[in-house]
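Undergrad: Sequence and predicted structure below; questions after.
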Amino acid sequence: MATPTHDVSLDGGEHVVHFYDRDSELVEAVAAYVAAGFSAEGVAIVIATEAHREAFALALETAGIDTAEARAQERLVLLDAATTMAAFMPDGKIDRGAFHEVVGGLLRAAAESGRAIRAYGEMVSLLWDAGDVVGAIELETLWNELGSEMPFSLYCAYPAASVSGSEHAPALHQVCHLHSSVLRGASEKDRRVPEADSTRELVAEFAAERASPGHARRLVLGVLAEWGCGPALLQDAAVVVSELATNAVLHAASSFSLSVTLDGARLRIAIHDARPLSTTAGDSGLSPQRTHGLGLVEALSLRWGAEDAAHGKAVWAELRAAGESQASH
């Protein structure tokens, strides 16, 4: 899901990532996120560079929040990103146990107050900018581990310029699917719909786990929003990805690869799993029968189908990339 950066309102357990164009954009969004937490009587933990901490504090003060009092009441915790990261990277590598002790201990202490917790962190950005992309992905994963232990909202941020470029695409896709939402800058360039002769493609791999269809859906929604697609297409694509990915995991009992191609006026979504179409009689691997889920896919699509492919099968659907939902025609 893509969310306007000026209206970041998260429920406990949400983990969003913001690829921002300008520091002013980030400061406005993070200050609004923290201020909304204060309005709900929550606790905010901000782990950022000195420059950003100072800018956030100034924006909060401008919004009428007494940051000195909030810190004295332990409702606002401001920590340096590099110093905090050094505490769980003693040898320059992430120590999982130390992370759970340092950052997890901080969150557990805040949770004792009974207040809702909103955390903001840019340690992942420091790792990425230092060339440790694998470390940034590992740290995002560790944050998710903490999220499964206790409820809190988490807002991460990367400069858009740092993650741009085709060489970063695979890692960027992995970062996106580790988050529940993707926030983009609001510039007209980011919102522009691709020209008719342009082609954009997303490819990602997922394990045979029940959570994988949800991860795939969130990744696709974030990327399509980044490509400038409208809400009707996002809604239809979410249904198609969910249904096809769920079939791969539940009925084919398989890991799966996802490919999404936006080519002019059409969006093609394909799921490739390890179970071929040509199965024995009575096997439920596919036979693309008109189940309730595939009936929805058929209703939303211009066309759809299934075919044997290398090492399994591919099930695909094509959606109109402009205009109203297919179901409304």
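TA: That came through fine.
Undergrad: Can you tell me the closest non-neighbouring residue to A35?
TA: The shortest distance from A35 to any non-neighbouring residue, by Cβ to Cβ, 6 or more residues apart in numbering, is to A63 (5.2 Å). For every residue, glycine as well, the C-beta is placed using N, CA and C.
Undergrad: backbone phi and psi for that neighbour, please?
TA: Dihedral angles of A63 (phi, psi; degrees, to the nearest 10) stand at phi -80, psi 0.
Undergrad: these two touch, right, it and A36?
TA: No. Applying Cβ atoms under 8 Å as the test, A63 and A36 come out as separate, 10.3 Å apart.
Undergrad: Tell me which of these two has more neighbours.
TA: The neighbour comparison of A63 against A36 (other Cβ atoms under 10 Å) goes to A36, with 17 against 12.
Undergrad: Surely the more buried one is within a helix?
TA: Yes. Counting by DSSP: H, G, I helix; E, B strand; the rest coil, A36 is located in a helix.
Undergrad: would you list every one of the strands in the stretch 151-300 of the chain?
TA: All strands of the stretch 151-300 of the chain, identified by DSSP state E, counting those that start in this stretch, fall at 153-159, 181-184, 199-206, 256-263, 266-273.
Undergrad: Make TSV out of these and add mean pLDDT.
TA: Output for the strands of the stretch 151-300 of the chain, formatted as TSV (pLDDT from 0 to 100):
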stretch	mean pLDDT
strand 153-159	93
strand 181-184	73
strand 199-206	81
strand 256-263	89
strand 266-273	94
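Undergrad: will you turn those strands into CSV that also has distance to A68?
TA: Output for the strands of the stretch 151-300 of the chain, formatted as CSV (distance: least, Cβ to Cβ, whole Å):
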stretch, distance to A68
strand 153-159, 23
strand 181-184, 29
strand 199-206, 45
strand 256-263, 48
strand 266-273, 51
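Undergrad: quick one: which of those strands is nearest A169?
TA: strand 199-206 (8.7 Å; Cβ to Cβ).
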